[in-house]
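**Student:** Using only what follows, build the 3D model:
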Amino acid sequence: MSIFGPGIGECVVVHLGLGEWIIVDSCIDRGSRTPIAIAYLTQLGVALDAVKLVIVTHWHDDHMQGAAEIVRNTRAARFACSAALRSSEFAALLALGSESMMSSSGVDEFRNILQVIEQRRASGVPAANAGPDHWATDGQVLYVRRERDVLPEARVLSLSPSSGTLTRAFRELGQLLPQEGEPKRRIRQGANQVSAVLWIEAGHQRVLLGSDLQADTSSAGGWRAIINSPTRPVERAKIFKVPHHGSQNADQPEVWGEMLEASPWAVVTPFASGRTPLPTGADLRRIASRTPNAYCTGRPQGWSPVRRPPGVERTLKEVARNRRTVLGPMGHVRLRCPLQGADPTVELFGEAFEISA
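**Tutor:** As a prediction, the model looks like this:
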C-alpha cells in the first residue's frame, strides 16, 4: 500500500494481491504532470487494466486533481464515490458550471468523470465497468474478491457517510445553489462530513482509510456514526490513514480504542495551505502518543519560496510578511504487508518522515 501527499493533495494506491489494485483519490505528480497513481503504477510496470476499483471519497479539490484522467485510463475499473454526489442538488451544481458559479477544480473534475462515463456507455462498455456503479454509504460493499486457491478473499467497504449525514448534506448543497439576481460566486466546498471512510481487507491484513471525516457531537454523524453503526466490521485494522491531515477536529479517541490494533501503523498527509497548516506540532505529538509507528508524507509547514529579484521581494513582503510554498515534492510512504497478517515493512520516499514522540 502506498500513500502519497505533496503538501496539498492525497492519493492512496493499494495492491490487494493476485495482481489486483485499487486507487483512492488523486493528486498530481509535478515531475510527470500526471496523476501520481498512474505515474506510480507505470513505474512499477503494472498495466492500468489491473486496477479494479477507483474511488473518490469526496469532492474537495485536494482529493480530486487528476481523478478524471485516472478514470479515463482504467477502463477495467469500477468507479465509486460518496453518495452525497448522487443528489439532485449536486447535479444542479454540475449543470450550472461556470454559467452562474466560479470554477472549482473538484466540481470540474467530477463533471469530467461523468463525461467519461457517458462516453463509455455510448461506446458499448459493459454497465458494470461504466460506473458509477457504487454510491458509497454506511455498510456498502464496493468490491469483493472471493477465495482463490489458498488466498483469502479481499473486499472494500465504505463505512460512511451515514444516512443522517446525507440528509444534512443534501440540505447544505441546496444552499450552495445561487439565487436569481445574485452575483457570480465561488462554489464553497462545505464540510468534510460526506467523506467516504473505507475499510479494506486483503488476506489477513486490514486497513482503515479515514479520508477527511471529522468528529461530530451527534451520534448520527462523523466518526461517532461509524463507531455506533451495527454494520461496521468488528475486527481491528493494523494500518490507519489518519483523517483530515491529522487535525484535532477529526480525532476520535474511540477509533483508536475500538477500531485499530494496539500500536497501529498510522500515516498522515499534510495540508500546507491556509492560515494553520496541518498537521500542527500538537497534532504530530498527539498522533505519536497513540502509536510508535507513525509517519507523515511531507512537510506540514511547506517550503521556502523561490527567491526573486530584490525589488520584487520588497513588494511581496509589503503584501505578505510570511510566505511559503505549499506544493512541494511528492512524499510517499509505502507499506509492504504480507497477506498472512505479519507486520508491514515501511519505506519512505521524498519528503516523507517518521513522526517521533
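**Student:** what about residue 85, distance to residue 21?
**Tutor:** Note on residue 85: its distance to residue 21, by Cβ to Cβ, to the nearest Å, is 23 Å. No exception for glycine: its C-beta is placed from N, CA and C like everyone else's.
**Student:** cool, and residue 226?
**Tutor:** 25 Å.
**Student:** More neighbours: which of these two?
**Tutor:** The neighbour comparison of residue 226 against residue 21 (other Cβ atoms under 10 Å) goes to residue 226, with 26 against 23.
**Student:** so what's the more buried one closest to, chain neighbours aside?
**Tutor:** Closest residue to residue 226 apart from its sequence neighbours, by Cβ to Cβ, 6 or more residues apart in numbering: residue 159 at 4.8 Å.
**Student:** give the contact list for that neighbour.
**Tutor:** 138, 139, 196, 197, 198, 199, 226, 229, 232 (Cβ atoms under 8 Å, 6 or more residues apart in numbering).
**Student:** Now which of the residues you listed would you call buried?
**Tutor:** Listed as buried from these are 138, 139, 196, 197, 198, 199, 226, 232; burial here means 16 or more other Cβ atoms under 10 Å.
**Student:** which SS state does the last one fall under?
**Tutor:** Which is residue 232. Three-state assignment for residue 232 (DSSP: H, G, I helix; E, B strand; the rest coil): coil.
**Student:** so it sits right up against residue 199, yeah?
**Tutor:** Yes: with contacts counted by Cβ atoms under 8 Å, residue 232 reaches residue 199, the gap being 7.5 Å.
**Student:** For stretch 49-58, the averaged confidence score.
**Tutor:** For stretch 49-58, mean pLDDT is 94.
**Student:** What of stretch 193-210?
**Tutor:** Rounded mean pLDDT across stretch 193-210 is 94.
**Student:** Which positions in stretch 108-118 come out as buried?
**Tutor:** Judged by neighbour count using 16+ other Cβ under 10 Å, the buried positions of stretch 108-118 are 108, 109, 110, 112, 113, 114, 116, 117.
**Student:** contacts for the lengthiest strand in the chain?
**Tutor:** Determined from DSSP state E, the single longest strand within the chain is strand 260-268. Residues outside strand 260-268 that contact it (Cβ under 8 Å, 6+ apart) are 3, 208, 236-242, 245-246, 256, 279, 283, 287, 290-297, 333, 335, 343-344, 346, 355.
**Student:** Show me the shaky parts of the stretch 51-200 of the chain.
**Tutor:** Residues of the stretch 51-200 of the chain meeting the criterion pLDDT under 70: 87-105, 125-133, 147-152, 172-191.
**Student:** Check the stretch 201-350 of the chain too.
**Tutor:** For the stretch 201-350 of the chain, the ranges with pLDDT under 70 are 302-328.
**Student:** quick one, strands of it?
**Tutor:** In the stretch 201-350 of the chain, the strands defined using DSSP state E, counting those that start in this stretch lie at 205-209, 237-241, 260-268, 293-296, 331-336, 345-349.
**Student:** Now do the helix or strand that contains residue 37: distance to the chain's middle.
**Tutor:** Using DSSP states H and E, residue 37 maps to helix 36-44. Centroid displacement of helix 36-44 relative to its chain, using Cα atoms, centre = their mean, to the nearest Å, is 17 Å.
**Student:** so what does it touch, helix or strand wise?
**Tutor:** In terms of contacts (3 or more Cβ pairs under 8 Å, 6 or more residues apart in numbering; DSSP states H and E), helix 36-44 is packed against strand 2-5, strand 11-17, strand 28-29, helix 67-73.
**Student:** Please tell me how far the closest residue to residue 66 other than its chain neighbours sits from residue 4.
**Tutor:** Spatial nearest neighbour of residue 66, chain neighbours left out: residue 35 (3.4 Å); criterion: Cβ to Cβ, 6+ apart. Separation of residue 35 from residue 4 (Cβ to Cβ): 10 Å.
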